[in-house]
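> The following block contains a protein sequence and its predicted model.
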Amino acid sequence: MTKKAYNKVIAIVGPTSSGKTEWAKRIAEKFEGRVISVDSRQIYKGMDIGTAKDKTFKQDLIDIVEPVENFTLVDYQRLANQLINQYLTIKTLPVLAGGTGLYLNAVLYGYVIPGVQKESKVLREHLEKLSSEELVVKLKKIDPKAALKIDPRNKRRLIRAIEVSLLAGKPFSAEAKKIKPPFQSLIIGIKTDRDTLYSKIDARVEQMIKNGLVEEVRNLVFKYGQNVSAFNTMGYKEIIDYLNGRIGLREAIAKIKLNTHDYVRRQDTWFKKDKNIKWVSRYEEAEKLVNRFLKSSK
């Protein structure tokens, strides 16, 4: 990196299956960087096939906690910032890559996230026993704004919003303060054709099954039990339903595909709100943007 690049960070974003990790890998190789994963499921050990981890090269913030461990947005923000500062100090370009928009925004925009002075194990255990529908009802009573913004199927975020609201004594939706990060960032979005992306997703799901997704889920359930929040994830919850005899394997596969398509639409909605993202459809365009950004004085 040039001297001008010592306080700069690259982020590659986009919907699932769009090729973010591959682009980030190439950019890191080209510009002396390291890839930092921005994926709220790849953090979990053992959840490899269903989260499509790429272990052909070294990247940070994957395989860092057990599925039963509590890992929050605050935890991710802290670890990612530590890595970014570490890499900038040794003149290595941090390249963030992933589709978890909330994680990305927490790092790039310096949000001060509402927290709690202490965790309540009793409260969390109680909340985890509730269904997603019951959690939505509870959250609507204590923080209706948060209930409108959070995906009603995202049990982990519902639980966290209720925890913060009750334990911190203020709504989870309270406007977050910002502390400007000590670095500049370039966010590149991968522009994709929706139909082509759906075809790639469907093919990848079929490949996951061939690679042993059912066995992976069976082993995880045997080790940790099935009532684990981390398993409320596309590819895992559907296979758990299959293992429990509630649906057949082909129906489970079809549901994984449809749920992933739905997730792509939500990701698109999230990222389109960020006007800082530079959308490109070809890797060569991304590389040019990075080169120009690193050489600029701003």
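All right, it came through fine.
> how near is R41 to G99?
Counting by C-beta to C-beta, to the nearest Å, the separation of R41 from G99 is 10 Å. In short, each C-beta sits where N, CA and C put it, glycine included.
> Between these two, which is the more surrounded one?
Taking other C-beta atoms under 10 Å, R41 and G99 do not tie; G99 has more neighbours (25 against 21).
> Now do F231 against R282, distance only.
Separation of F231 from R282 (C-beta to C-beta): 37 Å.
> wait, R292
15 Å.
> Check A230 too.
Taking C-beta to C-beta, one finds A230 at 35 Å from R282.
> Which one's more surrounded, these two?
It is A230, of A230 and R282, that has more neighbours when counted by other C-beta under 10 Å, with 21 against 11.
> three-state assignment of the more buried one?
With DSSP: H, G, I helix; E, B strand; the rest coil as the basis, A230 sits in helix.
> Identify the residues contacting the residue lying closest to it once chain neighbours are set aside.
Sequence neighbours aside, P67 is the residue nearest to A230 in space, at 4.0 Å (criterion: C-beta to C-beta, 6 or more residues apart in numbering). Residues in contact with P67 (C-beta atoms under 8 Å, 6 or more residues apart in numbering) are 44-47, 220, 224, 228, 230-231.
> Just the buried ones among the residues you listed, please.
44, 46-47, 220, 228, 230-231 (16 or more other C-beta atoms under 10 Å).
> helices and strands of the protein: which one has the lowest mean pLDDT?
Every helix and strand in the chain was compared by mean pLDDT, DSSP states H and E; the lowest is strand 177-178, with a mean of 73.
> any low-confidence regions in this protein?
For the chain, the stretches with pLDDT under 70 are 1-5, 114-119, 168-169, 173-176, 298.
> Report all helices and strands that the longest helix along it contacts.
Scanning the chain for the helix with the most residues, using DSSP state H, yields helix 249-272. In this structure, helix 249-272 makes packing contacts with helix 101-108, helix 194-211, helix 237-243, judged by 3 or more C-beta pairs under 8 Å, 6 or more residues apart in numbering; DSSP states H and E.
> just so I know, which of those helices lies nearest R153?
helix 237-243 (9.3 Å; C-beta to C-beta).
> Neighbours of the nearest residue to P152 once chain neighbours are set aside, how many?
Spatial nearest neighbour of P152, excluding adjacent residues (C-beta to C-beta, 6+ apart): V136 at 4.9 Å. For V136, the count of nearby residues is 17 (other C-beta under 10 Å).
> what about V136, which SS state?
helix.
> which residues touch it?
147, 152, 158.
> One more pass at 10 Å, please.
By C-beta atoms under 10 Å, 6 or more residues apart in numbering, the contact list for V136 reads 130, 147, 150-153, 155, 158.
> Then I188?
I188 makes contacts with 10-14, 20, 23-24, 27, 95, 97, 277-280, 283, 285-287, 289-290, 293, as judged by C-beta under 10 Å, 6+ apart.
> now do L104
Counting by C-beta under 10 Å, 6+ apart, L104 makes contact with 11-13, 38, 76, 80, 96-98, 185, 187, 270-271, 274.
> How is the chain divided into domains?
Here the domain parsing of the chain from automatic domain parsing is 114-175, 194-265.
> Now tabulate these in TSV and tack on distance to T89.
As requested, those are exported to TSV (distance: least, C-beta to C-beta, whole Å):
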stretch	distance to T89
domain 114-175	27
domain 194-265	32
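> Nearest to K53, out of these?
Across these, closest to K53 is domain 194-265 (C-beta to C-beta), at 11.1 Å.
> what's the span of that closest one from first residue to last?
9 Å (C-alpha to C-alpha, to the nearest Å).
> element containing K288?
If you go by DSSP states H and E, K288 is part of helix 283-295.
> Could you list the buried residues of that helix?
Within helix 283-295, the residues that count as buried by 16+ other C-beta under 10 Å are 283, 286-287, 289-290, 293-294.
> now swap in stretch 234-248 and tell me
Buried residues in stretch 234-248 (16+ other C-beta under 10 Å): 234-243, 247.
> Alpha carbons only: can I get it in CSV?
These are the backbone C-alpha positions of stretch 234-248, laid out as CSV (Å, rounded to 0.1, in the frame of the first residue of the first chain):
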residue,chain,number,x,y,z
MET,A,234,-31.4,-21.0,6.4
GLY,A,235,-30.2,-24.4,5.6
TYR,A,236,-30.2,-25.6,9.2
LYS,A,237,-33.7,-25.1,10.4
GLU,A,238,-35.1,-26.8,7.2
ILE,A,239,-32.8,-29.8,7.6
ILE,A,240,-33.7,-30.0,11.3
ASP,A,241,-37.4,-30.2,10.3
TYR,A,242,-36.4,-33.0,7.9
LEU,A,243,-34.5,-34.9,10.6
ASN,A,244,-37.5,-34.6,12.9
GLY,A,245,-39.7,-36.1,10.2
ARG,A,246,-41.9,-33.0,9.7
ILE,A,247,-41.0,-32.7,6.0
GLY,A,248,-39.3,-34.7,3.3
